[in-house]
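**Q** No letters, just coordinates:
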């Protein structure tokens with residue numbers, strides 16, 4: 001029977017998740033300034049974003065191997081990583097070269113491994129029922145956290161660019177402190193679910209697990225590359241349409257942040273339609289957006305912005321549903337292993353897609369490069385069709 005949960009628990013976890021993950025794209029929000037400050041080339045977007053992704057993968061795997069969140073109170077892990085991640089993020093200000101910049105962004109990503117996944121674990125420690133809906137809110141918080149630096153950029157446009165990095169660092173620290181002092185270990189916390197690399201091949205023998213995992217991989221091929229290039233798309237639109245004057249910071253926040261509503265609404269919808277159906281619709285609409293994207297830069301600004309908002313809504317609304325499907329299709333003893341492996345491979349795929357789009361954009365400078373993102377949703381959709389057909 002579900003125990004009574006204090007009303008503050010989920011809102012605090014959601015806020016802390018939002019605050020901590022604001023570190024993720026803080027470097028991207030100040031890329032134009034970093035390019036000038038460090039005299040970077042046109043590949044800077046890909047380098048900075050991929051450094052964070054690679055750091056996150058490394059941190060996730062190490063934390064899983066050491067069972068950090070099982071050996072230590074998850075709230076303590078979250079607090080420590082929030083402070084260390086915030087410190088690494090602030091050090092971005094003092095990067096004197098591209099190599100140092102990549103190093104501090106890698107460190108930021110590494111400590112995000114103790115924020116995003118650990119926040120989800122804390123939520124699961126408090127929810128025996130209704131976890132899917134809770135995860136919808138948590139992934140929504142990740143989306144808003146990802147978008148938040150762009151909002152700070154807009155609000156503080158007259159202030160030095162360093163303010164954005166310091167503001168997100170202070171916010172992340174505040175989130176970690178708040179969670180530590182108000183959210184104790186949950187009643188369903190268990191130390192039984194540990195990372196088991198030997199179970200990897202056993203997991204992928206299950207057709208449902210393969211279908212969910214490869215569906216997620218297709219989703220990740222598109223997601224972070226889209227987020228990384230939203231400001232680039234807006235800037236390109238301004239260049240192609242002199243006088244449009246779109247505010248890149250605020251519209252980047254809206255287009256990325258609207259995905260938070262997509263996650264929450266998708267979570268509620270999954271209670272009626274099921275996670276598979278929600279994920280399929282999300283993949284179909286975001287994939288269609290990829291295919292149509294080269295045509296939108298000649299449209300009127302309101303239509304252009306509406307298109308990007310629809311894309312931003314559906315590009316991530318399937319993310320919590322994939323976590324649900326992966327967990328549901330994993331052997332009970334290997335749920336943590338399944339989620340860890342699938343997330344790690346998924347984030348590794350984002351590095352490939354980001355670097356590929358980055359290279360093509362740097363060499364071609366054409367919106368037709370975004371067509372390559374459609375590969376992910378297409379393959380993900382085809383994979384997900386097999387989910388549930390043969391449970392063994």
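**A** Alright, I've got the coordinates. The shown structure was predicted, so the numbers you read here are calculated from the model rather than taken from an experiment.
**Q** by contact count, what packs against the lowest-mean-pLDDT helix or strand in the chain?
**A** Least confident helix or strand of the chain, by mean pLDDT, DSSP states H and E, is helix 68-71 with a mean of 75. Packed against helix 68-71 by the contact rule (3 or more CB pairs under 8 Å, 6 or more residues apart in numbering; DSSP states H and E) you find helix 116-126. Quick note: C-beta positions are derived from backbone N, CA and C, even for glycine.
**Q** helices or strands up against whatever helix or strand residue 283 lives in?
**A** Using DSSP states H and E, residue 283 falls within helix 275-292. Applying 3+ CB pairs under 8 Å, 6+ apart, one finds that helix 275-292 contacts helix 207-240, helix 248-273, helix 301-314, helix 319-328, helix 375-385.
**Q** Show me what secondary structure element comes after the shortest one.
**A** In the C-terminal direction, the helix or strand that comes right after helix 319-328 (DSSP H and E) is helix 335-364.
**Q** Flag the shaky bits of the chain, pLDDT-wise.
**A** Filtered on pLDDT under 70, the chain yields the residue ranges 1-4, 42, 127-132, 189-196, 332-333, 335-336, 390-392.
**Q** domain parsing for it?
**A** Residue ranges for the domains of the chain, per automatic domain parsing: 8-182, 196-392.
**Q** Pick the most buried one from those.
**A** domain 8-182 (a mean of 21; mean count of other CB atoms under 10 Å).
**Q** follow-up on the earlier one: for residue 125, which of the helices and strands packed on helix 275-292 is the nearest?
**A** helix 319-328 (14.4 Å; CB to CB).
**Q** how distant is the closest one from the center of its chain?
**A** On the basis of CA atoms, centre = their mean, to the nearest Å, helix 319-328 sits 14 Å off its chain's mean C-alpha point.
**Q** same question, stretch 362-373
**A** With CA atoms, centre = their mean, you get 22 Å for stretch 362-373.
**Q** who's in contact with that stretch?
**A** With CB atoms under 8 Å, 6 or more residues apart in numbering as the test, stretch 362-373 has contacts from 41-43, 221-222, 225-226, 229, 233, 236, 290-291, 293-294, 296-297, 353, 356-357, 360-361.
**Q** Just the terminal-to-terminal distance for it.
**A** By CA to CA, to the nearest Å, the extent of stretch 362-373 from end to end equals 16 Å.
**Q** got it, and stretch 270-279?
**A** 9 Å.
**Q** Give me the contacts around it.
**A** 132-133, 136, 215, 219, 266, 269, 317-318, 321-322, 324-325, 328, 384, 387-388.
**Q** ok, back up a step: among the helices and strands packed on helix 275-292, which comes closest to residue 141?
**A** Comparing the helices and strands packed on helix 275-292 by CB to CB, helix 248-273 comes nearest, at 6.9 Å.
**Q** Now do that closest one and helix 319-328, the angle between them.
**A** 40 degrees (axes from the mean of the first three to the mean of the last three CA atoms, to 10 degrees).
**Q** Can you check what angle separates helix 248-273 from helix 275-292?
**A** Using the same axes, to 10 degrees: helix 248-273 against helix 275-292 is 150 degrees.
**Q** what's the offset of helix 248-273 from the middle of its chain?
**A** On CA atoms, centre = their mean, the centre of helix 248-273 falls 12 Å from that of its chain.
**Q** Tell me what angle that helix forms with helix 207-240.
**A** Computed by the same axes, to 10 degrees, the angle separating helix 248-273 from helix 207-240 equals 150 degrees.
**Q** now helix 248-273 and helix 301-314, what's the angle there?
**A** Using the same axes, to 10 degrees: helix 248-273 against helix 301-314 is 50 degrees.
**Q** State the distance from the residue nearest to residue 171 when sequence neighbours are not counted to residue 115.
**A** Leaving out its chain neighbours, the residue that sits closest to residue 171 by CB to CB, 6 or more residues apart in numbering is residue 19, at 4.6 Å. Distance of residue 19 to residue 115, computed by CB to CB, to the nearest Å: 9 Å.
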